[in-house]
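Asks: got a structure for you, letters missing:
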Ligand code: ADP
């Protein structure tokens, strides 16, 4: 076995690999960009080496720097994780040329599966069913249109080098084919430098079912059963599970055998996934599943397979790469129970899943479930990399139990400082079709808007936020947690008003002390009575409307985050939000008060503006910041554009000097 390995990745997967390596007594070397100097994977590894600036192209994709780091550290092997260089055959060759082992398949196997058209042709030869369609050499538009006609509409055009759902176009009518072909080609060209496409039958009700395979250098290939990844949003996986609902023993056998044939056909070694699409318009049928592609690496969703097999897939990868045979034969592998994984992201479902950046002021996962994460509280989610916060993995004896655990776990995830999809994921768990196991890739799309909107905070949460903002939930430092409340009592009967921003609106909350630990909070014409039963400054027991329940309170630089009854609610002090505008008053320029994304620009050079006009809207942390003209004048320059990620202090807009205006 290796004594030391280098992990050519970051985030949760780097942390995941380090954990297994450590358990096996293998030393680990992390690599990092400048943006990740203080990242969790760096802290967990035995040693860490800088490989370049924040941009992935210059660091995590920098083959020369990674090879140099591996050599300098004395590592014997390189684990690529997923993404980045994991499926780059040139990287594998560079690793091997440096005399190191690559923890993954051969460059040859990766190349064989690298292009969707060649992979399909290869699989057809190996007797693996492939999606009906054209995947040959010819690329003339007229010819492909004829093929589409022969396949029968609707069809799906796919860039052969595509990945991550890019370069795919569904076409319903022959009249739209030419335009869709052009746009798929353009996207393939710009994203992958390859404009060649294939044309497939578009499945009316598709399910994404993939099979985990493992090969070794001794001619053995096994499968570790299937995962269902049908819960997708725009062809991206959202929640995965294993096994697949409704799977019969015969169909599992058939899919497993096809996947093993696929891997054996390319002499596969290491962990791989054979992705199939199943047409379930007439239910899950053994004669309706087709090879889509093979991913020649560990998948994001590998933990659900680990949960139902009790195996450590990273351990298997390390053993195989070190030359050992597969630890188990097919007949020694069993499915135990059911598992789910949800991908918790820093993103805003209500805003078309816009990635969120900012400081993760709070991050606490629930106890008793597997959380794979590469970040901890205090870390910054940067715009440079995938904004995944964690993978939440649950296991139960039966599907319903595992799903109930997932929903509870998602509700117990406490994340503050950035917007997340936790509420969206929890709502998905409650979709009747999903709960019934009646999944297909269109399920999320059909479920509609109700999934996206975050419900506003209930009145008792507003009341609690007001008490928190006024300091009444704080422990007073000494032993007496009620010092503040006593202090409050001193100024007796008087009421105090606090302004908080929530859900993009400003709220005035008027707090009156009614009695011992009992308050009245008035807000938009409503009056709420709320009692505090106990408080240690962070966890409070709240009495409201005949119920008592716990809530936790976190503060960060932007305000307060309250977690209660399975929901997180963020409040910003309205004074704080207004403060940025004030700081900008006067002067000739608008600059970014914090790092963020430019969302709206309402003006252009040469335009005359009046003091107070909203000129640039930024999204920063979880807030929308409207930056207004500091004075009347003429716009000289707007050095930013919508969609730009800007640093704190970056110049957003410059006015002509006063005398010229
Ligand atoms: P990528 O490599 O970009 O991820 P895939 O070929 O793996 O592309 O397909 C991604 C997703 O697109 C699948 O999981 C499925 O939801 C959908 N899809 C792919 N092929 C078809 C098809 N022929 N019919 C319907 N949906 C498809």
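Replies: Thanks, I have it. Since this is a predicted model, take the numbers as computed values, not measurements. Residues are numbered from 1 along each chain as shown.

Asks: From now on I want contacts and neighbour counts done on CA atoms only, so please keep to that.
Replies: Noted.

Asks: mind listing what the residue of the stretch 451-600 of the chain found nearest the ligand touches?
Replies: Going by C-alpha to the nearest ligand atom, the ligand is nearest to residue 451 of the stretch 451-600 of the chain, at 19.3 Å. Contact analysis of residue 451 by C-alpha atoms under 8 Å, 6 or more residues apart in numbering lists 424, 427, 428.

Asks: Pairing partners for residue 653 in the sheet, please.
Replies: For residue 653, the beta-bridge partners under DSSP bridges are residue 590.

Asks: And for residue 352, the neighbour number?
Replies: Neighbours of residue 352 under the rule other C-alpha atoms under 10 Å: 9.

Asks: likewise residue 523?
Replies: Residue 523, neighbours per other C-alpha under 10 Å, totals 18.

Asks: and what of residue 334?
Replies: As a burial measure, residue 334 scores 12 neighbours (other C-alpha under 10 Å).

Asks: what does the stretch 301-450 of the chain have sitting close to the ligand?
Replies: Proximity of the stretch 301-450 of the chain to the ligand is confined to residue 441 under the rule C-alpha under 6 Å from any ligand atom.

Asks: Just want the residue of the stretch 301-450 of the chain that's nearest the ligand.
Replies: residue 441 (5.2 Å).

Asks: tell me the mean pLDDT over stretch 430-448?
Replies: Averaging pLDDT along stretch 430-448 gives 94.

Asks: Give me the distance between the two termini of it.
Replies: 14 Å (C-alpha to C-alpha, to the nearest Å).

Asks: What of stretch 534-543?
Replies: End-to-end distance for stretch 534-543, by C-alpha to C-alpha: 10 Å.

Asks: thinking again about what came up before, just checking, which of the contacts of residue 451 belong to helices?
Replies: Judged by DSSP state H, the subset of the contacts of residue 451 located in helices is 424, 427, 428.

Asks: Looking at these, state which has the most neighbours.
Replies: Most neighbours among the ones in helices among the contacts of residue 451, by other C-alpha under 10 Å: residue 428, with 22 neighbours.

Asks: Just list the residues touching that one, thanks.
Replies: Contacts of residue 428 (C-alpha under 8 Å, 6+ apart): 434, 444, 451.

Asks: Dump the contacts of residue 451 into TSV; add distance to residue 45 as well.
Replies: Formatted as TSV, those follow (distance: C-alpha to C-alpha, whole Å):
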residue	distance to residue 45
424	33
427	36
428	35
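
Asks: Just name the closest of those to residue 249, please.
Replies: The nearest member of the contacts of residue 451 to residue 249, counting by C-alpha to C-alpha, is residue 428 at 27.7 Å.

Asks: Now the residue of the stretch 1-150 of the chain found nearest the ligand. Nearest residue, chain neighbours left out?
Replies: Of all residues in the stretch 1-150 of the chain, residue 131 sits closest to the ligand, at 6.2 Å by C-alpha to the nearest ligand atom. In space, and not counting its chain neighbours, residue 131 is closest to residue 290: 5.0 Å by C-alpha to C-alpha, 6 or more residues apart in numbering.

Asks: now that neighbour: how far from residue 120?
Replies: Taking C-alpha to C-alpha, one finds residue 290 at 10 Å from residue 120.

Asks: who has more neighbours, those two?
Replies: Under the criterion of other C-alpha under 10 Å, the comparison of residue 290 against residue 120 puts residue 120 first, with 28 against 22.

Asks: what separates the closest residue to that one other than its chain neighbours from residue 319, distance-wise?
Replies: Spatial nearest neighbour of residue 120, excluding adjacent residues (C-alpha to C-alpha, 6+ apart): residue 130 at 6.3 Å. From residue 130 across to residue 319, the span is 32 Å (C-alpha to C-alpha).

Asks: Residue 177 reaches residue 171, doesn't it?
Replies: Yes. The criterion here is C-alpha atoms under 8 Å, and residue 177 meets it with residue 171 at 6.1 Å.

Asks: rewinding a little: am I right that the residue nearest to residue 120 is in contact with residue 122?
Replies: No. Counting by C-alpha under 8 Å, residue 130 does not reach residue 122; the two are 9.9 Å apart.

Asks: Okay, and residue 70 sits in which element?
Replies: helix 63-73 (DSSP states H and E).

Asks: For that helix, buried residues please.
Replies: Within helix 63-73, the residues scored as buried using 16 or more other C-alpha atoms under 10 Å are 63, 65, 66, 67, 69, 70, 71, 73.

Asks: Alright, calling it a day.
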